[in-house]
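No letters, just coordinates:
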């Protein structure tokens, strides 16, 4: 690692093969914590390249637990994290609203590394037991329209960096990799990013994989559609800038989207949304994120039609029913 670190400190880039080899060695426990921390920190000071991202992704997918749910052609809805906004679990709530609307979701997630509550935190709060058994995941997908893949079960290689990431408590390139290493390699994905440079990186990556995708970014730094101001949506055909008002929503404030100071607070907000008891701001931000996810399934529909489908999933109780069934199947 020493020579590679010197090169990186001199602003050089790694090749795809070099990147893959280093991550494989990290997974094998070849480096100490200080070396891993130094390596991670490099990517806080400069952008990751397309080749480096591809190499890291290849390494993690090569080491991941294989699972095949491709016949369902599900979607994954995820944010990179690292926006330092400490929102409630918007993408997780949106996943269950999508499931309530009748679409298949396989969400890949983890405990929060840069926020109070990650997807795994809020789901675990409801008594869910994570599983890597394909039969159980398949049943969950068939009967509740959603399966949840707890990343450590499928990417055991990441155990060698988990405590370093937690100790650093800042966003790292592993936040960027998370959305790309869902072990089922979904062909549909809704991804939130915290800046436009990262959006371009994912766009180049997705163009190489032939995925159906939507990359979303709020211009004030959220890795999701926050409705706090202008936001951009990039899909395989277009790149569009929207305002909340343009789509019939009131502008939200940062405080209205806060997840609170504990996992328990975030879980209460999550429950209120699925039970249609949330504040207008909390409900609306989940609806709009859900709508753009639905449009990946239904590209012929207008975004207004997709908003109506998302709203009906919450207000009819279908989203809550999907979640309740999910909990029953996975507890």
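Arrived safely. Source: prediction; values computed, not measured.

List phi and psi for the residue nearest to residue 46 when sequence neighbours are not counted.
Of all residues not flanking residue 46 in the chain, residue 11 sits nearest, at 6.6 Å (Cβ to Cβ, 6 or more residues apart in numbering). In this view, the C-beta of every residue, glycine as well, is placed from N, C-alpha and C. Backbone torsions of residue 11, given as degrees, to the nearest 10, read phi 70, psi 30.

what packs against the longest strand along the chain?
When the chain is parsed with DSSP state E, its longest strand is strand 212-218. Applying 3 or more Cβ pairs under 8 Å, 6 or more residues apart in numbering; DSSP states H and E, we find strand 212-218 packed against strand 188-192, helix 196-209, strand 231-234, helix 280-297.

I'd assumed residue 250 was in a strand, is it?
No - the assignment for residue 250, made by DSSP: H, G, I helix; E, B strand; the rest coil, is coil rather than a strand.

thought the residue nearest to residue 46 was touching residue 49?
No - using Cβ atoms under 8 Å, residue 11 is not in contact with residue 49; the gap is 11.5 Å.

Mind checking which of those two has more residues around it?
Neighbours per residue, other Cβ atoms under 10 Å: of residue 11 and residue 49, the larger number sits with residue 49, 16 against 9.

Chain neighbours aside, what residue packs nearest to that one?
residue 13 (5.0 Å).

where are the low-confidence patches of the stretch 151-300 of the chain?
Of all residues in the stretch 151-300 of the chain, none has pLDDT under 70.

what about 90?
Within the stretch 151-300 of the chain, the ranges that satisfy pLDDT under 90 run 151-152, 155-181, 195, 197-198, 204-211, 259-263, 265-266.

a helix runs through residue 78, doesn't it?
No - applying three-state DSSP, one finds residue 78 to be strand, outside a helix.

Tell me where the stretch 51-200 of the chain has helices.
With DSSP state H, counting those that start in this stretch as the criterion, the stretch 51-200 of the chain has helices at 90-100, 119-124, 134-144, 151-154, 159-168, 173-177, 196-209.

Of those, flag the one that's most buried.
helix 90-100 (a mean of 30; mean count of other Cβ atoms under 10 Å).

Residues contacting that one, please?
The contact list for helix 90-100 (Cβ atoms under 8 Å, 6 or more residues apart in numbering) reads 75, 77-79, 105, 107, 109, 119, 122-123, 144-146, 190, 192, 224, 257, 270, 273-274, 285-287, 289-290, 293-294, 310, 313-314, 316, 318-323, 326.

at 7 Å what do you get?
The contact list for helix 90-100 (Cβ atoms under 7 Å, 6 or more residues apart in numbering) reads 75, 77-79, 105, 107, 109, 119, 122, 144-146, 192, 224, 270, 273-274, 285-286, 289-290, 293-294, 310, 313-314, 318-319, 321-323.
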